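Participant: After the sequence you'll find the predicted model.
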Amino acid sequence: MTATPPRWNILYRGPLSSCNYACGYCPFAKTRNTREELQDDTARLHRFLDWVESSAPQEIGILFTPWGEALVHRAYREALLRLGRMQHVRRAAIQTNLACGLQWLDSADRGTVALWCTFHPTETTVERFAAKIHLLQRMGIRHSVGAVGVKDHFPLIAELREQLPPETYLWVNALKKNPDYYEQSHLDFLTAIDPLFLVNLRRHPSRGKNCHAGHTSFTVDGEGTARRCHFIKTPIGNIYEPDFASRLTPRTCPNTACVCHIGYVNLPELSLNQVFGEGLLERIPLDFRFASH
Ligand code: SF4
Ligand code: SF4
């Protein structure tokens, strides 16, 4: 009897790089894609979706982590709906600024499709953003909500917390370039907003430690090149090669530290699968009111 293969968590990032917003803290180059570039991105996305479809019965969870904003493009909205119809796809999530309309989600599979929604205070208002979150809640679409912990934005983050449903977890991503950026009063404010903030603030020492990245979790780019995670450039294989599954093996991390949620959730020593459960990819904890780490 053969053992059931572990679920694969896949982070897909194609060449799409354009965004309808222009946040000052954006880590990615703000670019405009030409029509040809968008068509190329769509073709690569469709190839990836075909591969996912043909990978059944392997259980798969997917998080789209685009360089820019993807949900303003129909191809990505349709991709989530299509993935939601695949029985072996357990989660189809995407990072988004939520600027798009939400009506297309009417036909989304509620058990599979999820949104990772980031509030960008210089590009929208608390009212407009919170109204969309309330709509997602009424529609029964899984979603997480978060913001970047810029000190100048604290009043707006507090206002957002006020306007969100009380049961909605609000994550905050720490600014980590300057280790002295936050004073104790800032940390007190941010941990009151996000009980898991200190987990995000920490640079988790990872060199030589066991990590699920490259075994049960991996990234895929527009060419199908697979890497363990977004933070290690060395490819481990290509999903379009027939022997790809054999490239997935237990590994240890070669980097000094792991600093992003999408990376450190793969470190078994942090046991964050127990905090997030089925919401690990889209960043929804099982119960944030009691989460502490
Ligand atoms: S919404 Fe995201 S991708 Fe777009 S400019 Fe802001 S941070 Fe960058
Ligand atoms: S610890 Fe982080 S950087 Fe290291 S392999 Fe895992 S996900 Fe990648």
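Facilitator: Cool, the structure landed. Ligands and ions are numbered 1, 2, ... in the order given.
Participant: pLDDT at C26, what is it?
Facilitator: C26 carries a pLDDT value of 85.
Participant: Is ligand 1 within reach of stretch 9-23?
Facilitator: Yes: against ligand 1, stretch 9-23 shows contacts by Cβ under 6 Å from any ligand atom at 19, 21-23. From N, CA and C alone the C-beta is placed, and that goes for glycine too.
Participant: Same list as before, the residues you listed that is, but in CSV and with secondary structure and neighbour count included.
Facilitator: Formatted as CSV, those follow (DSSP: H, G, I helix; E, B strand; the rest coil; neighbours: other Cβ atoms under 10 Å):
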residue, secondary structure, neighbour count
C19, coil, 24
Y21, coil, 16
A22, coil, 10
C23, coil, 17
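Participant: want to throw the residues you listed into a markdown table with pLDDT?
Facilitator: Shown next, in a markdown table, are those (pLDDT from 0 to 100):
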| residue | pLDDT |
| --- | --- |
| C19 | 93 |
| Y21 | 92 |
| A22 | 90 |
| C23 | 91 |
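Participant: Now distance to L80 too, for those residues, in TSV please.
Facilitator: As requested, these are exported to TSV (distance: Cβ to Cβ, whole Å):
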residue	distance to L80
C19	18
Y21	20
A22	25
C23	23
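Participant: any idea how far A226 is from P235?
Facilitator: Distance of A226 to P235, computed by Cβ to Cβ, to the nearest Å: 6 Å.
Participant: Show me which of these two is the more surrounded one.
Facilitator: A226 (21 against 16; other Cβ atoms under 10 Å).
Participant: Am I right that the more buried one is in contact with F218?
Facilitator: Yes: the criterion here is Cβ atoms under 8 Å, and A226 meets it with F218 at 4.8 Å.
Participant: Name the residues contacting each of these two.
Facilitator: Here A226 and F218 share the contacting residues I236, scored by Cβ atoms under 8 Å, 6 or more residues apart in numbering.
Participant: The closest residue to ligand 2 within the stretch 51-200 of the chain: how many residues sit nearby?
Facilitator: Per Cβ to the nearest ligand atom, T65 is where the stretch 51-200 of the chain lies closest to ligand 2, at 12.6 Å. Neighbour count of T65, defined by other Cβ under 10 Å: 16.
Participant: what's near enough to touch it?
Facilitator: Here T65 is in contact with 11-13, 95, 219, 230, 262 (Cβ under 8 Å, 6+ apart).
Participant: farthest-separated two in those residues?
Facilitator: With Cβ to Cβ as the measure, no two of those lie farther apart than Q95 and T219, at 13.1 Å.
Participant: hang on, the earlier thing: if you look at the contacts of T65, which of them are in strands?
Facilitator: Cross-referencing these against strands under DSSP state E gives 11-13, 95, 219.
Participant: Reformat the residues you listed as a markdown table; add neighbour count.
Facilitator: Below are the ones in strands among the contacts of T65 laid out as a markdown table (neighbours: other Cβ atoms under 10 Å):
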| residue | neighbour count |
| --- | --- |
| L11 | 23 |
| Y12 | 22 |
| R13 | 19 |
| Q95 | 22 |
| T219 | 24 |
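Participant: Could I get the full set of helices for the stretch 51-200 of the chain?
Facilitator: Along the stretch 51-200 of the chain, counting by DSSP state H, counting those that start in this stretch, helices occupy 74-84, 126-139, 154-163, 184-193, 197-201.
Participant: Report the rounded mean pLDDT for the third one.
Facilitator: Confidence over helix 154-163, taken as the mean pLDDT, stands at 98.
Participant: Repeat that for the fourth one.
Facilitator: For helix 184-193, mean pLDDT is 97.
Participant: what residues does it touch?
Facilitator: Against helix 184-193 from outside (Cβ under 8 Å, 6+ apart): 149, 151, 154, 157-158, 161, 170, 172, 174, 182, 197-198, 201.
Participant: Measure how far the direction of that helix deviates from that of helix 154-163, in degrees.
Facilitator: 20 degrees (axes from the mean of the first three to the mean of the last three Cα atoms, to 10 degrees).
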